[in-house]
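Student: Give me coordinates for this.
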Amino acid sequence: MAKRPVTHRMIEAFRAAMLHGGISAGADALGIPQPSMSRLIADLQKVVGFPLFQKSGRSVKPTDEAIVLMTKVQQSFVGLEEITSFSTQLQKQMTGRLSICTIPSIGHSVMPEIIEHLRAKFPDVVISLTVSSYLEVARNVRNRQADIGLTADKLSIGNLETVAEFTSDCVCIGTSKWLTASAKQVDVKEFAGKPFVALTGTFQRQLDALLSANGVTVDAMIEVSLFQTVSELVLRGMGVSVVDPLTGAKHRQRGGITLPLRPACTYTVYATAMSDTRLGAPARELLQLLKSATDAARTHTTRE
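Tutor: As a prediction, the model looks like this:
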């Protein structure tokens, strides 16, 4: 004779009895008669093959086996709660979702303001922002974990497609300790004799090539990996540096000095999506806001 299967109702009754300190209290919590509760517990005991509760005076207490079983039951109910939570998220996403993955220079500069604009215009859209490395941006877009990826290099992997690009010039940043606020621009030759906060990676190699072509060697006693960190150090008077225009605009907003660099060093933001992706209104608005931010960054002035 086949063993009777465990039902969800049995487990629900057992869990209620455990959580509320007894069969009667568990029945009240579930809103069912005590005889029905007792029958469910008895049925579960037959299936598992050992007693779950034992009398102790006028009350009942769970057996050691019941306590161990409860840990597994709780895991099961946590899974059900996660499903419920996920379903709620899906209901929200039915009204729209925009997932963005970006490199830090973009994510830490203009994205907070852009997301603020997007939330105001599309209040029912769930917006997800991930700040990661170039390779992670490519992976997230390719795996469809992000609708749009934002990088400073073209992503030409698989079916990835550049849907927009925004180009501006890099800028020199500093404070009044090392830069003249009234200057119209900074020539790379002026870096001589000034402490320089350098970056690691491809951007710094591009800048080093520009400096070398102009016979300039910088005193780079500090090297960091993020534009945001460069700006933080420069604001503390640690020297001057060259950053992307979006970080430069943020640096100026925070009280630093941002000046055009001569000769110019271009910086391009590439927006990438899967070739078969159909960009919705929020994604198109994102691209428009990025264009506006880049256009605004083309005119670099000292702080106001």
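
Student: quick one: low-confidence ranges for the stretch 201-304 of the chain?
Tutor: Flagging of the stretch 201-304 of the chain using pLDDT under 70 yields the residue ranges 299-304.

Student: For it, which segments count as strands?
Tutor: Assigned strands in the stretch 201-304 of the chain, in chain order: 219-224, 241-243, 257-262, 266-274 (criterion: DSSP state E, counting those that start in this stretch).

Student: Paired strands for the second one, with orientation please.
Tutor: It refers to strand 241-243. Sheet partners assigned to strand 241-243 using DSSP bridges are listed as strand 171-174 (antiparallel).

Student: can I get the CA coordinates of the strand it pairs with in CSV?
Tutor: Listed in CSV are the C-alpha atoms of strand 171-174, where the atom choice follows Å, rounded to 0.1, in the frame of the first residue of the first chain:
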residue,chain,number,x,y,z
VAL,A,171,39.4,68.1,-18.4
CYS,A,172,42.0,69.1,-15.9
ILE,A,173,40.8,69.2,-12.3
GLY,A,174,42.3,70.7,-9.2
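
Student: Pick the most deeply packed of the strands of the stretch 201-304 of the chain.
Tutor: Of all the strands of the stretch 201-304 of the chain, strand 241-243 carries the top mean neighbour count, a mean of 30, counting by mean count of other CB atoms under 10 Å. Every residue, glycine included, has its C-beta placed from N, CA and C.

Student: can you list contacts of that strand?
Tutor: Outside strand 241-243, the residues that touch it by CB atoms under 8 Å, 6 or more residues apart in numbering are 105, 170-174, 196-199, 207, 227, 230-231, 233-234, 251, 261, 265.

Student: still on that earlier bit, looking at the strands of the stretch 201-304 of the chain, which is nearest to residue 288?
Tutor: Closest to residue 288 of the strands of the stretch 201-304 of the chain is strand 266-274 (CB to CB; 10.9 Å).

Student: Where do the helices of the stretch 101-250 of the chain begin and end?
Tutor: Along the stretch 101-250 of the chain, counting by DSSP state H, counting those that start in this stretch, helices occupy 104-107, 111-121, 134-142, 202-213, 227-235, 245-253.

Student: between the fifth one and helix 202-213, how many degrees?
Tutor: Looking back up the chat, that one is helix 227-235. Using axes from the mean of the first three to the mean of the last three CA atoms, to 10 degrees, the inter-axis angle of helix 227-235 relative to helix 202-213 is 50 degrees.

Student: mind checking which of the strands of the stretch 201-304 of the chain is nearest residue 42?
Tutor: Nearest to residue 42 among those is strand 266-274; the distance by CB to CB comes to 56.1 Å.

Student: For that closest one, which helices and strands make contact with it?
Tutor: Judged by 3 or more CB pairs under 8 Å, 6 or more residues apart in numbering; DSSP states H and E, the packing partners of strand 266-274 are helix 134-142, strand 148-151, strand 160-169, helix 281-297.

Student: Disregarding residues adjacent in the polypeptide, which is nearest to the spatially most central residue of the chain?
Tutor: Taking CA atoms, centre = their mean as the criterion, residue 130 is the residue nearest the geometric centre of the chain, at 2.8 Å. The shortest distance from residue 130 to any non-neighbouring residue, by CB to CB, 6 or more residues apart in numbering, is to residue 101 (4.5 Å).

Student: Over to residue 45?
Tutor: Take residue 45 and drop its neighbours on the chain: the residue closest to it by CB to CB, 6+ apart is residue 52, 5.3 Å away.

Student: so the one you found sits right up against residue 14, yeah?
Tutor: Yes: between residue 52 and residue 14 there is a contact at 6.5 Å, judged by CB atoms under 8 Å.

Student: Can you check which residues contact both of those two?
Tutor: Jointly contacting residue 52 and residue 14 under the rule CB under 8 Å, 6+ apart are 41, 44, 66, 69.

Student: Pipe these into JSON lines and attach secondary structure per row.
Tutor: Listed next are the shared contacts of residue 52 and residue 14 as JSON lines, based on DSSP: H, G, I helix; E, B strand; the rest coil:
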{"residue": "41", "secondary structure": "helix"}
{"residue": "44", "secondary structure": "helix"}
{"residue": "66", "secondary structure": "helix"}
{"residue": "69", "secondary structure": "helix"}
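
Student: now, which of those residues sits nearest residue 123?
Tutor: The shortest gap between residue 123 and any of the shared contacts of residue 52 and residue 14 belongs to residue 69, at 45.9 Å (CB to CB).

Student: how far away is residue 26 from residue 69?
Tutor: With distances defined as CB to CB, to the nearest Å, the gap from residue 26 to residue 69 amounts to 15 Å.
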